[in-house]
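Asks: Sequence first, then the predicted structure:
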Amino acid sequence: MDTALNLNHIGFLLDGALWTLVLSLMAFLGGGLAGFAVAMGRIAPQRIIRILTTGYVQLVQGTPLLVIMFVIYFGLPTLGFSISPLLAAGLSMTIYVSAYLGEIWRGAIQSVPRAQWEAAECLALSRGQRMFKVILPQAIRIATPPTVGFSVQIIKNTSLASVVGFVELTRAGQLINNSIFEPFMIYLIIAGLYFCLCFPVSLLSRRLERTGVARAQRIELVSA
């Protein structure tokens, strides 16, 4: 048994970082699709749909992600569903992400000026046409910076997947530390890898935010 950190351990950590990215991508794509449905439900004309989606958002945002993972991983098998650690982690992250992205996107949609909604109505467009041809293109520009910024939280929250046995970056570090007992060095490397994953996304978010502010200022100048 190796008693010192070596290249094999570094390779194992890099594999864990790759699986962190895979899980983050699963959560973002799945949560994005579900989050869009949540956002549409939050602004739906039917009151019952608004109530249901609001309740879903409040429930998920009020429940720790760790608890959601425990419920999915240990609860579903009691109902007869066999679930792997990757699927449990991915499903839990999808539920978590959908509630937050749904609220981000709902806010972006509702922040589109009322005049744009009224102009679309004057063109005799249906609700779907107004949403997809007029409102959503503007809302996307508003929602992009916070969405990218939230991606950093998705990457960091994948570390909780270790509790259900999924070997991502944090779990890989735990396994290595159990064999060589060098926690300071191992977790310092893990922190560095998380930084390498998150920092570029943070930079992109800030850049998009500055671009959005500059675009809004130009529009105000033109309107004036």
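Replies: The structure has been received and is ready for your questions.

Asks: From now on I want contacts and neighbour counts done on CA atoms only, so please keep to that.
Replies: Noted.

Asks: what ranges do the helices span in the chain?
Replies: Taking DSSP state H as the test, the helices found in the chain are 7-42, 47-61, 65-70, 76-78, 85-110, 114-122, 127-129, 136-157, 169-180, 183-223.

Asks: low-scoring pLDDT stretches of this structure, where are they?
Replies: Low-confidence segments of the chain, defined by pLDDT under 70, span residues 1-3, 212-224.

Asks: please redo it, this time with the cut-off set to 50
Replies: Judged by pLDDT under 50, the chain has its weakly predicted residues at 219-220, 222-223.

Asks: before we move on, back to that, got the helices of the chain as CSV, with mean neighbour count columns?
Replies: As requested, these are arranged in CSV below (neighbours: other Cα atoms under 10 Å):
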stretch, mean neighbour count
helix 7-42, 20
helix 47-61, 16
helix 65-70, 18
helix 76-78, 12
helix 85-110, 23
helix 114-122, 13
helix 127-129, 12
helix 136-157, 18
helix 169-180, 19
helix 183-223, 14
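
Asks: For the ones you listed, give me TSV that also has distance to Val163.
Replies: Converted to TSV, these look like this (distance: least, Cα to Cα, whole Å):
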stretch	distance to Val163
helix 7-42	14
helix 47-61	19
helix 65-70	8
helix 76-78	16
helix 85-110	9
helix 114-122	46
helix 127-129	42
helix 136-157	12
helix 169-180	8
helix 183-223	17
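
Asks: tell me the contacts of Leu125?
Replies: Taking Cα atoms under 8 Å, 6 or more residues apart in numbering as the definition of contact, Leu125 has no neighbours.

Asks: The one 5 residues further on too?
Replies: Contacts were defined as Cα under 8 Å, 6+ apart; by that measure Arg130 touches 117, 120-121.

Asks: Please repeat the previous calculation with a cut-off of 10 Å.
Replies: Shown in contact with Arg130 (Cα atoms under 10 Å, 6 or more residues apart in numbering): 116-121, 123-124, 136.

Asks: Kindly report the same for Ile155.
Replies: By Cα under 10 Å, 6+ apart, the contact list for Ile155 reads 17, 20-25, 27-28, 194, 197-198, 201.

Asks: same deal with Ala108?
Replies: With contacts taken as Cα under 10 Å, 6+ apart, Ala108 has the following neighbours: 39, 102, 135-136, 138-144, 146.

Asks: which pair in the contacts of Arg130 spans the largest distance?
Replies: Greatest spacing in those, by Cα to Cα: Ala124 and Leu136 (17.3 Å).

Asks: picking up where we left off before, please identify which of the contacts of Arg130 is nearest to Gly55.
Replies: Closest approach to Gly55 among these (Cα to Cα): Leu136, at 23.9 Å.

Asks: Make sure that closest one is actually in contact with Val112.
Replies: Yes. Between Leu136 and Val112 there is a contact under Cα atoms under 10 Å: 8.8 Å.

Asks: Now the common contact residues for these two.
Replies: With Cα under 10 Å, 6+ apart as the test, Leu136 and Val112 both reach Ile142.
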